[in-house]
Every structure is written in C-alpha cells, then in structure tokens.
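A.B. asks: Pasting a predicted model and its sequence here:
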Amino acid sequence: MAKRKVKKEVPLTRKQISRREKERRQRLILLGVAIAIGCLILGVLGFGAYQELVAKPSAPVAKVNGVPISTQSYQKRLLLERMNIDANIENMRAQRSLYNSETDAFLLSIIDQQIQQLSLQRELLTDEVFLDQLIEEELISQAAQREGLGVSPEEIDRRIEQDFGYSAEEPTPAPSPTTGIITSTSEITPTEASPPMTRARFEELYSDVLSALQEGAGLSEAEYREIVAAGLLRQKMQDSVGQQVPTSEPQIRARHILVDTEEEARTVLERLDDGEDFALLATEVSTDTLSAELGGDLGWFARGRMDPAFEEAAFSLAVGEISDVVETSFGFHIILVEERDEDRELDPQMLDQRKREAFEVWLLDLQAEAETEKYWSPDKVPPE
C-alpha cells in the first residue's frame, strides 16, 4: 500500500506575514464601520419610533394653568367626535329615507340642513377650535376642584346606564345597537320599539360600544368613563353657577301693534291720539297675528326676550304711556306699557336662559384669567 505524501508547509516570508496582518486589520476596520453604521441606522429608526409612538403622543398640545393636555388625548377625543358626527349623519340619512320627496318636502329640507350643519361641523374638526373645547373642559375641572366638586364612580355608572336607556329600578325600552357612539353629551335614542332593556342587554350593548370606541378612537373604558365624568362635572358647575342667579327681575306687561311701514305706524298713532282703543286697533291692523288675537298683549317679559330696540323703548315707558314709532327687523311698532313690577319672578324658560347666560359669562371670565399655552399645529390632527 503506497504511503500518502504529507505536504510540507512552506514558511511565510516577512512580506507575506505583513500583508496578511494588514488585510486582517482592514477586515476588522470594515467590520467595525459596518457595525457602527448598523447601530446608527437602528438608532435613527429607534429614535423615529420613539418620537412617533412615545414622544409625540405624550407631548402637550396645550397647557392650562400648567396642566398639560397630551397630543394623544387630543387625538383620541377628536376621533371620538368624528365617530359621533358620522353616526349622527348616518341616523339623519336613515330618517330621511322614511319620508316622501313629494309630500314631505318641508321636513326633508330641514333634515338636509341638519346634515349640512353636521358635515360643516366635521370639517371644522381639522381646525384649532376643537382644542378650545378640551381647554374649556380642563378649566371647568380645575374650577370644580377648587369648589370641592367631584364625580363618584356610582354617578358615572348611573349616567352611562341612563345614556343607554337602562334603569335598574324599572325596565325601559332598549335602544337600537346601530344608533351610534355615545358620549357624555349625546345619548343613544331608540329608533324603533324594542323590548324592555335588561341588565344583560345593557351589558351587551355597553361592551359593543366599548369595542367600537377602542377600534375607532383608541379609547379604553377608563378613558371613556373620564369623558362621562367631565360631562357630569360640567353640569354640576353649571348648576352651581346657576344657583347664584336671581330668580326675579324688573318686568313689564305690554301691548304692541306691528305694521309693515312707518307711514302705517304714523297712521296708527294718529288713530290712538283720536281716542281709539289700543287693543281693538291691534286686533284690527297688527301683522303680529298671535298677539293681535289678544289685543296686542305680549304678557309679562324681562329684558333679553325681545328685540333690543323694542326692549329699549318699552322699558323706558311709564305705565299707561304709548311709545313713538319703534323700528325693528320685524317692522314698525307702537308700544303700550300696562303694568310694571320691579321684582317679579322669572318664568322657568327665562330663568333657564339667565342661568345659561351666567354660565357663559363665568366661562369667559375663567378663560380670561387662565394661563393657556397652545402648541397646536395641523400635523397634530389625526388622519382620516
């Protein structure tokens, strides 16, 4: 059997050793550069992901007296508002389909106007105006905290149940699950007769809505409950401010005669100067058909209910005095004041109006005193 020849290794020359060492160093350098570039790329990608997923969402879109409103919170609320408006538009269109275009033209025109208003409202969500609503909400929250007002978990539970039409005390008709998303300011309304709402049905609907909120706006149940709480807190502050509104004001009871031209009004004045009865004349010539049937009687009213020019003239008259011609957007008036009471109780409708006005003034004062910083920009608006 032939012996296998063993190849003898030839010793490397100094030149060869030097070249191999040089090549090894070059490979190490290239490897180091590749690793550095890879780390840099990963760093850039990681920083970008951090910016998009952590930094930007948590960065404030506004600060209210030092309290931040995060971009993420703003975006979720805006998405929720979109969902609500879209659900309302869908409901309006569903209602529209129930009417006949020939016999219900007037009702259809009203529905079309409402749809148009909702569509415009949705377009305005891309503006900075929506942020002002969240700032207002934060201001109310801070004011409520100073007043010692809060909302309990039980109150939130009751409000959510109410929004869904469920009552633990007495079964109520169940709403349709297709009526849309609800918030603290919009309620699910039945679109057709349904069986009484049971606890199991309520929980099923509530679960469906929570799923829709999570999918459409990224809202958790805790965040949804915070929105409901904010609505309750606003109502509590509105009630608190409303309690300070006086329930009585100076009021007058007056009659008027309304005509279309100043010439007609001058003729009415001449007939009154000749001794004709105001009430009979109002019944005869006044174009305000509702009051004309009552001899022009407008009943008791406080300031803020009539046209400003009309009120200015009416409240300047003494009892039994007849005004000169008063022009308003409705036409030309002759006014007679029959009674005056400097401290008459407001009717419920007027008192509610006074309370709303007081709350609006309170909010304006709150906004004027607040230190508000805005960092809003169009890129913070979530895409469709």
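C.D. replies: Received it, and whenever you're ready, just let me know what you need. Residues are numbered from 1 along each chain as shown.
A.B. asks: all strands for the stretch 1-150 of the chain, in order.
C.D. replies: Applying DSSP state E, counting those that start in this stretch to the stretch 1-150 of the chain gives strands spanning 60-64, 67-70.
A.B. asks: Going by the annotation, which residue ranges form each domain of this structure?
C.D. replies: According to automatic domain parsing, the chain is divided into the following domains: 67-243+371-376, 249-345.
A.B. asks: count of residues packed around I160?
C.D. replies: Neighbour count for I160, taken as other CB atoms under 10 Å: 18. (C-beta placed from N, C-alpha, C; glycine too.)
A.B. asks: ok, it - contacts?
C.D. replies: 206, 225, 228 (CB atoms under 8 Å, 6 or more residues apart in numbering).
A.B. asks: Just those: which are in helices?
C.D. replies: The helices, defined by DSSP state H, take in 206, 225, 228 from those.
A.B. asks: so where's the chain uncertain?
C.D. replies: Within the chain, the stretches with pLDDT under 70 are 1-58, 170-195.
A.B. asks: Which strand runs longest in it?
C.D. replies: Among the segments of the chain that qualify as a strand by DSSP state E, the longest is strand 331-345.
A.B. asks: Which other helices and strands does that one contact?
C.D. replies: Judged by 3 or more CB pairs under 8 Å, 6 or more residues apart in numbering; DSSP states H and E, strand 331-345 is in contact with strand 248-259, helix 262-273, strand 297-301, helix 308-315, strand 326-328.
A.B. asks: Could you pull out the buried residues of the helix or strand just after that strand?
C.D. replies: Scanning forward in sequence from strand 331-345 by DSSP states H and E, the next helix or strand is helix 348-369. Residues of helix 348-369 classed as buried by neighbour count (16 or more other CB atoms under 10 Å): 350-351, 353-355, 358-359, 362-363.
A.B. asks: before we move on, what about stretch 333-344?
C.D. replies: 333-337, 340, 344.
A.B. asks: What count of nearby residues applies to L98?
C.D. replies: Neighbour count for L98, taken as other CB under 10 Å: 9.
A.B. asks: quick one: it from I111, how far?
C.D. replies: Taken as CB to CB, to the nearest Å, the spacing of L98 relative to I111 amounts to 10 Å.
A.B. asks: picking that back up, what about the strands of the stretch 1-150 of the chain, which gets the closest to Q214?
C.D. replies: Closest approach to Q214 among those (CB to CB): strand 67-70, 18.0 Å.
A.B. asks: partners of that closest one, with directions?
C.D. replies: Note on strand 67-70: by DSSP bridges, its sheet partners are strand 60-64 (antiparallel).
A.B. asks: Residues contacting the partner strand, please?
C.D. replies: Residues outside strand 60-64 that contact it (CB under 8 Å, 6+ apart): 68-71, 73-74, 131, 134-135, 138-139, 142, 370-376, 380.
A.B. asks: Confirm that L290 sits in a strand.
C.D. replies: No - per DSSP: H, G, I helix; E, B strand; the rest coil, L290 lies outside any strand segment and is helix.
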